[in-house]
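A.B. asks: Fold the following.
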Amino acid sequence: KRLQHLQATIEANAQKIAQSKLGTVQRVLVEKAGNGEGQLMGRTECNRLVSFVGNPRLIGQLVDVTITVAKAYSFKGEVVTKEALTEMAS
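C.D. replies: Next up, the predicted model:
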């Protein structure tokens, strides 16, 4: 019973932290292609896994990704383009 309570607390905290990243722009090191056409995967600076659509030439590079879906231990996002950053600054 104590273990279940501890695991539920950890899960709730992980979800709370993940939700705080929703809508933010995170720097991601693109590591590999994911499952599906154009899918890439990488990790944020806080080591959370992010999947997103992008060109495979991005593998090995750092890119900015807007977090669109936040799960307890991973994210889904969209690559931020230079044009989008310019619009956000206006």
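A.B. asks: in its sheet, what does whichever strand or helix holds residue 63 sit against?
C.D. replies: Using DSSP states H and E, residue 63 falls within strand 62-70. Strand 62-70 sits in its sheet next to strand 25-33 (antiparallel), strand 74-79 (antiparallel), going by DSSP bridges.
A.B. asks: Pull out the buried residues from the first one.
C.D. replies: By that I understand strand 25-33. Using 16 or more other CB atoms under 10 Å as the test for burial, strand 25-33 gives 25-26, 28, 30. Any C-beta I mention is one placed from the backbone N, CA and C, and that applies to glycine too.
A.B. asks: Likewise for the last one?
C.D. replies: Buried residues in strand 74-79, defined by neighbour count with 16+ other CB under 10 Å: 75-77, 79.
A.B. asks: Please apply the same query to stretch 47-55.
C.D. replies: 48-52, 54.
A.B. asks: got those as CSV, with pLDDT, secondary structure and distance to residue 71 columns?
C.D. replies: Supplementary listing: the buried residues of stretch 47-55 in CSV, determined by pLDDT from 0 to 100; DSSP: H, G, I helix; E, B strand; the rest coil; distance: CB to CB, whole Å:
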residue, pLDDT, secondary structure, distance to residue 71
48, 92, coil, 9
49, 94, strand, 9
50, 96, strand, 11
51, 94, strand, 10
52, 94, strand, 14
54, 90, coil, 19
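A.B. asks: so which of those comes closest to residue 42?
C.D. replies: residue 50 (5.6 Å; CB to CB).
A.B. asks: what's the nearest residue to that closest one if we skip its chain neighbours?
C.D. replies: residue 75 (4.5 Å; CB to CB, 6 or more residues apart in numbering).
A.B. asks: coming back round to it: okay, the strands paired with strand 62-70 in TSV with mean pLDDT and distance to residue 66 next?
C.D. replies: Shown next, in TSV, are the strands paired with strand 62-70 (pLDDT from 0 to 100; distance: least, CB to CB, whole Å):
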stretch	mean pLDDT	distance to residue 66
strand 25-33	92	5
strand 74-79	95	5
